[in-house]
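>>> The sequence and its predicted three-dimensional model are supplied below.
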Amino acid sequence: MSGLRIDHVGKTFGMFEALKDIDLDFPDGRFICLLGPSGCGKTTLLRVIAGLETPTTGRILLDGVDITAVPAHRRGLGMVFQSLALFPHLSVGENIAYGLRIRGADLATRRRKAEELLALVHLPGVADRPISQLSGGQRQRVAIARALALDPKLFLLDEPLSALDAKLREAMQVELKLLQQRLGISTIVVTHDQREALTMADIVVVMDHARVQQVGPPLEIYRNPVNAFVADFIGTSNLLPGVAEGQDTLSIDGIQVAGARPHGLARGSKAAISIRPEEVVVHPAGEQGPNRLPAEVTFVRDLGASVEIMLACARRELLAVTSPRERPDVRVGDRVVLELPPAACVVLPS
């Protein structure tokens, strides 16, 4: 079997449970993001995979081989730490080739490998520079090149872009994804930034309170969250509380709203409709139709590429996002009707 298997892994530190029964399978060659808020267990899971922490329960298997007891330096993995951990007293090339030097590679081999990797990360000709002369983005590329120098089976990155400014961060997200595609190496990135995960990942693992909440492709998780936490954490979501009625409907303030699929909840159970802001349609007051709720405009913000409309609806604040071309002619204080298309509505247990 090819790939990474995390077999019912748990991890405790004294009385604190950092990981609870994590059970995951990742095929070879995928880009995986461990996503969640601070303290959810994602970095602990990455450290267990890397061999920097020993699981209290469960096993780690790589390509069908149990590596749970294998020391970190013998697992054949490459890792980029959040701090980058570059050696300030070594040149760029010496940093990249450090692992090769430890393994006894000769100077010519180390130099050639460093130059190859610098070209790969778009930093040719800087092998002899001190680390102190590099920008933040350049240091990030050097750390990535160093982790790739030993041709790892698995590439691990712990919040690798968190110290970069917004524009450089977005550029590096694309570069990292393109690099992974070019090399075909299995890559796992820890992040708390949902935009970063949606940009880079083939598979997103959403974590909270030491447990996996949902696993899947980014768009699947975005469009079909399994619970209110995932809906709220991945992007922006409107959550409208109600009471379960038929197989796929909720009663919200006495108005029936249908969802995209049967919810399986008992009649009368508390639940909520989740709908993304770009799916909410704003109509003039008085327009009738299914899945429509009365609302009042409380705020309008024109962001150039999009228009955000805040609305008071069903004792909640909702957000609708539209393009300037499709912008409805509304102002603060206007009474309107919101259409919630059934295909965009996901019913979640309360």
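Everything's here; your move.

>>> residue furthest from the geometric center of the chain?
Here the centre of the chain is the reference, and by C-alpha atoms, centre = their mean the most remote residue is Gly286, at 40.6 Å.

>>> My guess is it contacts Val337. True?
Yes. If you go by C-beta atoms under 8 Å, Gly286 and Val337 touch, sitting 7.1 Å apart. (Each C-beta comes from the backbone N, C-alpha and C, glycine too.)

>>> Distance-wise, check the nearest residue to Pro130 once chain neighbours are set aside relative to Arg112.
Once flanking residues are discounted, Pro130 sits nearest to Ser91: 6.2 Å by C-beta to C-beta, 6 or more residues apart in numbering. Between Ser91 and Arg112 the computed distance is 15 Å (C-beta to C-beta, to the nearest Å).

>>> Which one's more surrounded, the two?
Between Ser91 and Arg112, counted using other C-beta atoms under 10 Å, the more crowded position is Ser91 (17 against 14).

>>> Now do the contacts for that one.
127-131 (C-beta atoms under 8 Å, 6 or more residues apart in numbering).

>>> Buried among the residues you listed? Make that a PyMOL selection.
Filtering the contacts of Ser91 down to the buried ones (16 or more other C-beta atoms under 10 Å) takes a single PyMOL command:
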select buried, resi 127+131
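
>>> Could you dump the contacts of Ser91 into JSON lines with distance to Val300 and pLDDT added?
As requested, the contacts of Ser91 are arranged in JSON lines below (distance: C-beta to C-beta, whole Å; pLDDT from 0 to 100):
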{"residue": "Ala127", "distance to Val300": "54", "pLDDT": "92"}
{"residue": "Asp128", "distance to Val300": "56", "pLDDT": "93"}
{"residue": "Arg129", "distance to Val300": "51", "pLDDT": "93"}
{"residue": "Pro130", "distance to Val300": "52", "pLDDT": "93"}
{"residue": "Ile131", "distance to Val300": "49", "pLDDT": "92"}
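
>>> If you count neighbours, what's buried in the longest helix seen in the chain?
Longest helix of the chain, by residue count under DSSP state H: helix 166-183. Judged by neighbour count using 16+ other C-beta under 10 Å, the buried positions of helix 166-183 are 169, 172-173, 175-177, 179-180.

>>> quick one: Pro152 from Pro342, how far?
Taken as C-beta to C-beta, the span from Pro152 to Pro342 is 47 Å.

>>> distance between stretch 272-292 and the chain's centre?
In terms of C-alpha atoms, centre = their mean, to the nearest Å, the centre of stretch 272-292 is set 28 Å apart from its chain centre.

>>> same check, this time on stretch 147-156
Centroid separation between stretch 147-156 and its chain, computed with C-alpha atoms, centre = their mean, is 21 Å.

>>> Closest one of the buried residues of helix 166-183 to Leu35?
Minimum distance to Leu35 across these is 13.4 Å, recorded for Gln173 (C-beta to C-beta).

>>> could you point out which element follows the longest helix of the chain?
Sequence order places strand 186-191 as the next helix or strand after helix 166-183, per DSSP states H and E.

>>> helices and strands around that next one, which ones?
Where contact means 3 or more C-beta pairs under 8 Å, 6 or more residues apart in numbering; DSSP states H and E, strand 186-191 is packed against strand 31-35, helix 42-50, strand 154-158, helix 194-200.

>>> quick one: strands adjacent to the next helix or strand after the longest one?
Where DSSP H and E defines the elements, the next helix or strand beyond helix 42-50 is strand 57-62. Here strand 57-62 has these sheet partners by DSSP bridges: strand 4-13 (antiparallel), strand 65-66 (antiparallel).

>>> just how off-centre is the next helix or strand after the first one within its chain?
By that I understand strand 4-13. As assigned by DSSP H and E, the chain's next helix or strand after strand 4-13 is strand 16-26. The chain centre lies 17 Å from the centre of strand 16-26; the measure is C-alpha atoms, centre = their mean.

>>> pLDDT of strand 16-26, averaged?
The pLDDT scores in strand 16-26 average 97.

>>> ditto for stretch 286-294
On average, stretch 286-294 scores 89.

>>> what does it rub up against?
Stretch 286-294 is contacted by residues 240, 252-253, 255, 257-258, 283, 285, 313-314, 335-342, 345 when judged by C-beta under 8 Å, 6+ apart.
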